[in-house]
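In: Predicted model and sequence below, questions to follow.
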Amino acid sequence: MSAATTRLSVQNLSKSFGSLRVLHDISLAADEGQVITIIGSSGSGKSTFLRCLNLLEVPDGGAISLDGRPVAYSSNAHGLKVTKEVRALRTALPMVFQSFNLWRHMSVRDNVAIAPIHVLGKPRAEANERAHDLLVRVGLGERMHFYPHQLSGGQQQRAAIARALAMEPRALLFDEPTSALDPELVGEVLKVIEELAAAGNTMLMVTHEMGFARNVSDRVIFLDQGRVAESGTPEELFDAPRTERAAQFLASVM
């Protein structure tokens, strides 16, 4: 058996907002094809950590490596310096947000195709064909000419997943992808994510869906007050948490 290839590595990542320290020296490694789920109470730093991975938030310290190559980034008084390297990182690590963030004036197909055309340099016909194929994959092939307002929340989120896949990502980032959905629509989005996991996509996901996290994850990380309080396999963390804080959290949500 060949050794696993590390897709994304983070060392001692820290982040503050003013005097408030939100993340404390977090380290993580995601291997190719691995699904890592990040859980914890609201305000524990989960979404901030995820946003730091593709530099939507600029870390105060720490190192990020993608496919074994360190990512150089820096900031000034105006914020992050958006270099070619930063753009490449964001392309390789697209995020699926809570609130879909689809362009309202574009059809679903155009929402999926626009970034490959303008960022990846794909010919329009090729990008449109790829968008169609991805929309079929997430169950929206018959709605590719619809506009976002004509879709349910679950359909919009599936379109957002297709948009992320269109960027030919090295890993996918999911920031609570079902939190904005009505309960009856959650399952259709989780089914798509589960299929992506089964297909071998590398994914890091923040979620409050504990049953789903148990079933789909290779590793679960429990954040508490901006620190990794515990991590392990789903069986280890859900069935036999080692820390009192993790046990308290799980008892409150399961």
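Out: Received, thanks. Being a predicted model, the structure only gives us computed values, none of them experimental.

In: Helix, strand or coil: sort out residue 72 for me.
Out: The assignment at residue 72 comes out as coil when based on DSSP: H, G, I helix; E, B strand; the rest coil.

In: Against residue 14, how distant is it?
Out: 17 Å (C-beta to C-beta, to the nearest Å). C-betas here are computed from N, CA, C, even on glycine.

In: Looking at those two, which one has more neighbours?
Out: residue 14 (16 against 12; other C-beta atoms under 10 Å).

In: how is this protein carved up into domains?
Out: Using the TED database, the domains assigned to the chain come out as 1-94+173-253, 99-168.

In: Let me have the ones you listed in CSV, adding mean pLDDT as columns.
Out: As requested, the domains of the chain are exported to CSV (pLDDT from 0 to 100):
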stretch, mean pLDDT
domain 1-94+173-253, 92
domain 99-168, 96
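
In: hmm, who's touching stretch 124-142?
Out: Stretch 124-142 is contacted by residues 108-110, 112-114, 116-117, 122, 143-144, 151, 155, 158-159, 161-162, 165-166, 188, 192 when judged by C-beta atoms under 8 Å, 6 or more residues apart in numbering.

In: 6 Å instead?
Out: 109, 112-113, 116-117, 144, 158-159, 161-162, 165-166, 192 (C-beta atoms under 6 Å, 6 or more residues apart in numbering).

In: Around the spatially closest residue to residue 21 that is not a sequence neighbour, count how many other residues there are.
Out: Of all residues not flanking residue 21 in the chain, residue 226 sits nearest, at 6.4 Å (C-beta to C-beta, 6 or more residues apart in numbering). By other C-beta under 10 Å, the residues close to residue 226 number 23.

In: Does residue 226 touch residue 23 like I think?
Out: Yes. Between residue 226 and residue 23 there is a contact under C-beta atoms under 6 Å: 4.7 Å.

In: between those two, what contacts are shared?
Out: residue 45.

In: In the stretch 1-150 of the chain, what residue spans correspond to helices?
Out: 46-53, 84-92, 108-118, 124-137 (DSSP state H, counting those that start in this stretch).

In: who wins for proximity to residue 33 among the ones you listed?
Out: The minimum distance between residue 33 and those falls on helix 84-92, with 15.4 Å, by C-beta to C-beta.

In: Please enumerate the strands of this structure.
Out: Ranges of strands within the chain are 6-17, 20-31, 35-39, 61-66, 69-70, 75-76, 79-80, 95-96, 172-175, 203-206, 219-224, 227-232, based on DSSP state E.

In: want to throw the ones you listed into JSON lines with distance to residue 51?
Out: Output for these, formatted as JSON lines (distance: least, C-beta to C-beta, whole Å):
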{"stretch": "strand 6-17", "distance to residue 51": "9"}
{"stretch": "strand 20-31", "distance to residue 51": "10"}
{"stretch": "strand 35-39", "distance to residue 51": "12"}
{"stretch": "strand 61-66", "distance to residue 51": "12"}
{"stretch": "strand 69-70", "distance to residue 51": "19"}
{"stretch": "strand 75-76", "distance to residue 51": "14"}
{"stretch": "strand 79-80", "distance to residue 51": "12"}
{"stretch": "strand 95-96", "distance to residue 51": "7"}
{"stretch": "strand 172-175", "distance to residue 51": "7"}
{"stretch": "strand 203-206", "distance to residue 51": "10"}
{"stretch": "strand 219-224", "distance to residue 51": "14"}
{"stretch": "strand 227-232", "distance to residue 51": "17"}
